[in-house]
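1. no sequence on this one, just coordinates:
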């Protein structure tokens, strides 16, 4: 049985382990940068755990205004006052892949966003994940700015409109 729970201090070692399993060293963010996303918006961050309480994956999201993503390795000091969110990171532990964890976390976040009246969610797809995100209603945006450089040359800026006036 999979459950979605809020991120708490106790799960950070698991989040950092899963991040290290999921990405090349060049894009790993340090603990303080990762935690800054959670601190400014804990209600938009979650983990998926199994019946034993083991953390299988996580999603970190935060309010974000603008037409460019935050740069990778950028700590956040305060939440943006806006009606859009940026899905900063979704990662699944190696042992949990293929078990529906990612879909559960995405559905949870989209449900929260709709309930909060959020107009849309943006993200930067890396490692060829744009196909996965397309299945969840995200579409590619054409703009590419210097903010993408930190994500790598194949990064894709994507958005998902949740209201008629959304992204």
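-> Looks like it arrived, so ask away. Because the structure is predicted, anything quoted here is derived from the model rather than measured. Numbering: from 1, shown residues only.
2. from memory residue 120 sits against residue 86, does it?
-> No. Using C-beta atoms under 8 Å, residue 120 is not in contact with residue 86; the gap is 10.0 Å. Any C-beta I mention is one placed from the backbone N, CA and C, and that applies to glycine too.
3. which regions of this protein lie under the pLDDT threshold?
-> Scanning the chain for pLDDT under 70 picks out the ranges 79-80, 143-147, 164-167.
4. for it, which segments count as helices?
-> 12-22, 31-40, 101-115, 130-135 (DSSP state H).
5. residue 150: which of the ones you listed is closest?
-> helix 31-40 (11.3 Å; C-beta to C-beta).
6. most remote residue from the middle of this protein, which is it?
-> Largest separation from the mean C-alpha position in the chain: residue 52, at 24.1 Å (C-alpha atoms, centre = their mean).
7. gap between it and residue 16?
-> Note on residue 52: its distance to residue 16, by C-beta to C-beta, to the nearest Å, is 20 Å.
8. and what of residue 88?
-> Distance of residue 88 to residue 16, computed by C-beta to C-beta: 14 Å.
9. the more surrounded of those two?
-> Taking neighbours as other C-beta atoms under 10 Å, residue 88 and residue 16 compare with residue 88 leading, 27 against 17.
10. please name the bridge partners of the nearest residue to that one once chain neighbours are set aside.
-> Spatially, and ignoring its direct neighbours in sequence, residue 88 is nearest to residue 60 (4.6 Å; C-beta to C-beta, 6 or more residues apart in numbering). On the basis of DSSP bridges, residue 60 is bridged to residue 45, residue 89.
11. tell me the contacts of residue 60?
-> By C-beta atoms under 8 Å, 6 or more residues apart in numbering, the contact set of residue 60 is 7, 34, 37, 38, 44, 45, 87, 88, 89, 90.
12. how about the contacts made by the fourth one?
-> For residue 38, the contacting residues are 7, 45, 60, taking C-beta under 8 Å, 6+ apart as the criterion.
13. ok, 10 Å please
-> By C-beta atoms under 10 Å, 6 or more residues apart in numbering, the residues touching residue 38 are 6-9, 11-12, 15, 44-45, 58, 60-62, 76, 88.
14. ok, residue 149 - how many residues close by?
-> Using other C-beta under 10 Å, residue 149 has 12 other residues around it.
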